[in-house]
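Undergrad: With the sequence up front, the predicted model follows.
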Amino acid sequence: MNIQTISIKINAYERLMRLDKPIGILLLLWPTLWALLIAGNGKPDWIIVLIFVTGTVLMRSAGCVLNDIADSQYDGKVERTKHRPLITNEVSKNEARWLAAFLCLLAFILVCLLNKKTMYLSVAAMFLAATYPLTKRFFAMPQAYLGVAFGMGIPMAFAAITDNIPMVAWVLLAANIFWAIAYDTEYAMVDRDDDLKIGIKSSAITFAKYDVIAVMLCYVITLGLLTVAGYMLALSLIYFVGLAAPAAIALYHYHLIKAREKSACFKAFLHNNWFGFAVFLGLLAHYWVQYTKPFG
C-alpha cells in the first residue's frame, strides 16, 4: 500500500468520523464544558477538562461511525448522505466496526483515569451513543434520545470533579435535551422529504406543520431551565444578563427556519454552536467577576 493509498484511506476514515464537520463535537462539548465549569466552581482541574475534551471527540467520532453502520441501508437513498464513505465503499463495514471499537476503547481508557462513579456513567453514555441510531426506526422523537446521549457529559463532569451528581446537573441535562430537540429538528427539517420516503422517524415529521413553533418552544424551555439552574447555583446577575445572547441567537434561528427553506434550516442547525458558546461565556463571565471582583 503506497503513501497515496494510505492518504485516501485516512481521508475516508476522517469523513466517516465526521472530523471534517466538527459541529457535532461542539454541540456535544459545550454542555460538558458548562458542567465542568460549574462543578469546578470556575476552576476545574485542567487534567479532567483535557480528559473530557478528548473523550468527547472520541465518543462523537465513534457515534458517527456506529450511526453510519446502522443507517447504511438508508443513507444511499438520501441526497445529503449518499456520498458517505460506507455508501461509496471507500470503507468496508468490517473496517468501520473495528474503527468504532477502537475509538470506544480509547475513550474507556481515558475514563478509567477518573473515579468509579464516572466510569459507571460512561457505560450508560456508550450504550446511549450506540443505540441512538436505532431509535430512528420506531421512536417518534429520536432527537430527545439524542439530547440525553449528548448530555451525559453533564452528570459525568459533576461525578468526576465532585464525586456527586447534584440536582442542578439534572436540570442542565433537561436543558440540553430541549436544546437538542430544537437544533436537531432544524437538522431534520432538511431531510424530512427523504425521511418520509424511507420510513425514518424524526421530530420534524412528528411536529409536522407545528415544527417551527415547536423548535422555538424548545429554545424557550432551554433558556428557562438554564435560568432555573442559575438560581439554584446563586449565580450573579451577569450570568442572567448573559442569557440574552443565546435568546437573541434563538430569535435569529426563527428568522432562518420560518420559511422552512432547507439551506436556511441547515444554517440554523450549524449556528447552534454559538448558542452553546454564548451560555458558556455567561458562565465564564460570572466566575471572572467572582474571582477578580473588577467592580469592587
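TA: Thanks, I have the structure now. Numbers count the residues shown, from 1 in each chain.
Undergrad: Would you map the helices across the stretch 151-296 of the chain?
TA: In the stretch 151-296 of the chain, the helices defined using DSSP state H, counting those that start in this stretch lie at 153-162, 167-198, 203-207, 211-232, 237-242, 244-257, 262-292.
Undergrad: if I look at residue 26, how far off is residue 6?
TA: 29 Å (C-beta to C-beta, to the nearest Å). To be clear about C-beta, it is placed using only N, CA and C from the backbone, and glycine gets the same treatment.
Undergrad: got it, and residue 262?
TA: Using C-beta to C-beta, one gets 36 Å for the distance from residue 262 to residue 6.
Undergrad: now swap in residue 51 and tell me
TA: Taking C-beta to C-beta as the criterion, residue 51 is separated from residue 6 by 30 Å.
Undergrad: ok, the two, which is more surrounded?
TA: Just comparing residue 51 and residue 6: by other C-beta atoms under 10 Å the higher neighbour count belongs to residue 51, 18 against 10.
Undergrad: Checking the more buried one next. Helix, strand or coil?
TA: helix (DSSP: H, G, I helix; E, B strand; the rest coil).
Undergrad: The closest residue to it other than its chain neighbours sits in which helix or strand?
TA: Spatial nearest neighbour of residue 51, chain neighbours left out: residue 110 (5.2 Å); criterion: C-beta to C-beta, 6 or more residues apart in numbering. Residue 110 belongs to helix 93-111 when elements are defined using DSSP states H and E.
Undergrad: For the following helix or strand past that helix, buried residues please.
TA: Per DSSP H and E, the first helix or strand lying C-terminal to helix 93-111 is helix 116-135. Neighbour-count burial for helix 116-135, counted by 16 or more other C-beta atoms under 10 Å, picks out 117-119, 121-122, 125-126, 128-130, 132-133, 135.
Undergrad: Only C-alpha atoms, please: export helix 116-135 in CSV.
TA: Provided in CSV are the C-alpha atoms of helix 116-135 (Å, rounded to 0.1, in the frame of the first residue of the first chain):
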residue,chain,number,x,y,z
LYS,A,116,-15.7,4.8,39.7
LYS,A,117,-18.9,6.8,39.5
THR,A,118,-17.8,8.5,36.3
MET,A,119,-16.8,5.1,34.9
TYR,A,120,-20.3,3.7,35.6
LEU,A,121,-21.9,6.7,33.9
SER,A,122,-19.6,6.2,30.9
VAL,A,123,-21.0,2.8,30.3
ALA,A,124,-24.5,4.3,30.1
ALA,A,125,-23.2,7.0,27.8
MET,A,126,-21.7,4.4,25.5
PHE,A,127,-25.0,2.5,25.4
LEU,A,128,-26.9,5.6,24.5
ALA,A,129,-24.4,6.5,21.8
ALA,A,130,-24.6,3.0,20.3
THR,A,131,-28.4,2.7,20.4
TYR,A,132,-29.4,6.2,19.3
PRO,A,133,-29.3,5.3,15.5
LEU,A,134,-31.8,2.5,16.2
THR,A,135,-34.4,4.9,17.8
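Undergrad: Report the inter-axis angle for it versus helix 153-162.
TA: Counting by axes from the mean of the first three to the mean of the last three C-alpha atoms, to 10 degrees, helix 116-135 points 170 degrees away from the direction of helix 153-162.
Undergrad: Now do residue 267 against residue 149, distance only.
TA: For residue 267 relative to residue 149 (C-beta to C-beta), the value is 24 Å.
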